[in-house]
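K.L.:
prediction below, plus the sequence it came from.
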Amino acid sequence: NQISSLVSTSGKSLPALTQLNLSGNLFSTIPDNFYSPAECSAVNLLDLSFNQIAGTNITSQLSFPVYQFNLQSNGITALPPNYFGNDTNSAFCLGVLNLSENFLQSIDGLGVSSLVNLQNFNIEHNILAYLPDLTASTKLQALYLLDNQLGENDGLNIDYLPSSLTYLDISSNGFRALPAASGTRTNLYNLLVLNVGQNTIPSFENSFITDAPNVTNFAAAYNRLTGFEKFISQAFPKLVNINLDSNRITKIDSEDLNYQSLYTLSAKKNQIAEIDRTAFDHVPSLAQINLNNNNLTTPLARWFENLSSSLTTLEWTLNPWSCDCKSLGFAGLVFNSNVPEQLQRTLKNTVLCQSPAAFQDTFIDELEGIYAIVDENDCPLPTVIPTDIPIPTRPTEKPEPSEPTDAPTSSYSINISVITFLIGLITSMLF
């Protein structure tokens, strides 16, 4: 709409009105002559998002009790001093405050520290260079600081965060390194979700993450990490979800993943070319893996030894997979009926061969068994063969057919009993 002002028929505010949504209009100031609830309630809501409140037209402090106050995307550059703390009734009521997508350079002096009932504070997409002391907001649980300038000015003092905080997003703030650990902090013990993505951080060593031992969700996408850094697992022993997308990671070592509760691992769009054979041995709860857009070439069956009952989602198709002799173990998992059915369903149609050329853009489980891989790649056969199974031989010359035939031909044939034996042998060596 294009509403720019509201006036009641009496010319006075409406104390019985508790919820007012004016989003997407042309208001340039707060309509406190119309909206002013008589008492504080959790249903009190005033939504003035996407209006034209620059802040310079606001000349008085907040004077009415509102629980949810939304000033998102108004072009606000400043608010009057002590705007939120002047009226005791207002300060004690405000629980959800959204100041995102404005042009605030500072919230210091606005009386935010007086908001003792504040539980959710969104200041995303501003130009804050400094975060004031919020420790008095003892009910604050979620703090959204995405896309500010705190990292460029050392403007984040971890000790200014309240101990009630469970969610913290400081992504896209220009951090080159996170604030240091103190080793004695207790105000981060309740933190469960931490997002430090879209910065330029090369390492988290000696950072404040070690002061937050109960984090279960950690996102550090779009940084400059070159490895998984095993001390992340040491800092977050209860981690459930980790997102390290779009970094510069080249390898997953055997000691990188040591999380008893890890459920989701995402490290797509890195440079991972190598995964240690035992890399997934210490993540018994891992259910979802996303390793798309890396440089993986050889799928190993050994990776799944301890994931057969937990893994439900595997996204890694977008890699330059080579379905060569080294992939026989993985192929054995796909074709062996002794492998748990759940694991086979998860692995199905995930390895899209890019080489050799004959297999390009064909899923490994769409090939004609492992004999297709052996045949195409001229793979050496195992040296231990039961005496009751005929050993496949390669003819010195391809015989000329006596009559034209439509039957398929190959350079040599492999007895089906040998194939069955090979699958069992390969799998048994891996599990």
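P.N.:
On my side now, so go ahead. Numbering: from 1, shown residues only.
K.L.:
okay, the closest residue in space to Pro81 that isn't next to it in sequence and Phe175: tell me how far apart.
P.N.:
Nearest residue to Pro81, sequence neighbours excluded (CB to CB, 6 or more residues apart in numbering): Gly109, at 5.4 Å. For every residue, glycine as well, the C-beta is placed using N, CA and C. Distance of Gly109 to Phe175, computed by CB to CB, to the nearest Å: 25 Å.
K.L.:
who's more crowded, the two?
P.N.:
Neighbour count, other CB atoms under 10 Å: between Gly109 and Phe175, Phe175 has more, with 21 against 15.
K.L.:
which residues touch the more buried one?
P.N.:
150-151, 196, 199-201 (CB atoms under 8 Å, 6 or more residues apart in numbering).
K.L.:
among these, who's most crowded?
P.N.:
Top of the contacts of Phe175 by neighbour count (other CB under 10 Å): Val196, with 25 neighbours.
K.L.:
re earlier: can you list the contacts of Phe175 in CSV and add pLDDT and distance to Tyr130?
P.N.:
CSV is the format used below for the contacts of Phe175 (pLDDT from 0 to 100; distance: CB to CB, whole Å):
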residue, pLDDT, distance to Tyr130
Leu150, 97, 7
Gly151, 95, 11
Val196, 98, 18
Asn199, 97, 17
Thr200, 96, 20
Ile201, 96, 20
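K.L.:
in strands, which of those fall?
P.N.:
Among these, no residue falls in strands (DSSP state E).
K.L.:
which one of those is nearest Leu347?
P.N.:
Val196 (32.6 Å; CB to CB).
K.L.:
for this structure, which segments are assigned as helices?
P.N.:
88-93, 230-235, 328-335, 341-347, 370-377, 416-430 (DSSP state H).
K.L.:
most neighbours per residue, which of these?
P.N.:
helix 328-335 (a mean of 24; mean count of other CB atoms under 10 Å).
K.L.:
what angle do helix 370-377 and that helix make with each other?
P.N.:
Regarding helix 328-335 and helix 370-377, their directions subtend 150 degrees when assessed with axes from the mean of the first three to the mean of the last three CA atoms, to 10 degrees.
K.L.:
how distant is helix 328-335 from the center of its chain?
P.N.:
With CA atoms, centre = their mean, to the nearest Å as the basis, helix 328-335 stands 30 Å off its chain's centre.
K.L.:
now swap in stretch 283-298 and tell me
P.N.:
14 Å.
K.L.:
try stretch 246-265
P.N.:
In terms of CA atoms, centre = their mean, the centre of stretch 246-265 is found 13 Å from the chain centre.
K.L.:
in that stretch, what's buried?
P.N.:
The neighbour-count check on stretch 246-265 (16 or more other CB atoms under 10 Å) flags 246-247, 249, 251-252, 256-259, 262-265 as buried.
K.L.:
okay, the helices of the chain in JSON lines with mean pLDDT and distance to Ala273 next?
P.N.:
JSON lines is the format used below for the helices of the chain (pLDDT from 0 to 100; distance: least, CB to CB, whole Å):
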{"stretch": "helix 88-93", "mean pLDDT": "90", "distance to Ala273": "56"}
{"stretch": "helix 230-235", "mean pLDDT": "87", "distance to Ala273": "19"}
{"stretch": "helix 328-335", "mean pLDDT": "88", "distance to Ala273": "17"}
{"stretch": "helix 341-347", "mean pLDDT": "93", "distance to Ala273": "20"}
{"stretch": "helix 370-377", "mean pLDDT": "90", "distance to Ala273": "20"}
{"stretch": "helix 416-430", "mean pLDDT": "49", "distance to Ala273": "21"}
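K.L.:
can you redo the ones you listed as JSON lines with distance to Ser60?
P.N.:
Below are the helices of the chain laid out as JSON lines (distance: least, CB to CB, whole Å):
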{"stretch": "helix 88-93", "distance to Ser60": "12"}
{"stretch": "helix 230-235", "distance to Ser60": "46"}
{"stretch": "helix 328-335", "distance to Ser60": "69"}
{"stretch": "helix 341-347", "distance to Ser60": "61"}
{"stretch": "helix 370-377", "distance to Ser60": "77"}
{"stretch": "helix 416-430", "distance to Ser60": "73"}
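K.L.:
show the model's pLDDT score for the spatially most central residue of the chain.
P.N.:
For the chain, the residue nearest the mean C-alpha position is Asn243 (3.5 Å; CA atoms, centre = their mean). Asn243 is assigned a pLDDT of 98 by the prediction.
K.L.:
likewise the one 3 residues further on?
P.N.:
The predicted local confidence for Ser246 comes out at a pLDDT of 98.
K.L.:
could you do Thr9 as well?
P.N.:
83.
K.L.:
and what of Leu161?
P.N.:
Reading off the model, Leu161 has pLDDT 97.
K.L.:
which residue packs closest to it, ignoring adjacent ones?
P.N.:
Using CB to CB, 6+ apart, the nearest residue to Leu161 is Asn187, at 5.7 Å.
K.L.:
ok, the one you found to Tyr167 distance?
P.N.:
Asn187 sits 14 Å away from Tyr167, taking CB to CB as the criterion.
K.L.:
got it, and Gln234?
P.N.:
Relative to Tyr167, and taking CB to CB, Gln234 is found at 22 Å.
K.L.:
what part of the chain, helix or strand, is modelled with the least confidence?
P.N.:
helix 416-430 (a mean of 49; mean pLDDT, DSSP states H and E).
K.L.:
show me where this protein dips below the pLDDT cut-off.
P.N.:
In the predicted model of the chain, residues 382-431 satisfy pLDDT under 70.
K.L.:
residue contacts, the closest residue to Phe280 other than its chain neighbours?
P.N.:
Among residues not flanking Phe280 along the chain, Trp303 sits closest, at 5.2 Å (CB to CB, 6+ apart). Neighbour list for Trp303: 275, 277, 279-280 [criterion: CB under 8 Å, 6+ apart].
K.L.:
lovely, talk soon.
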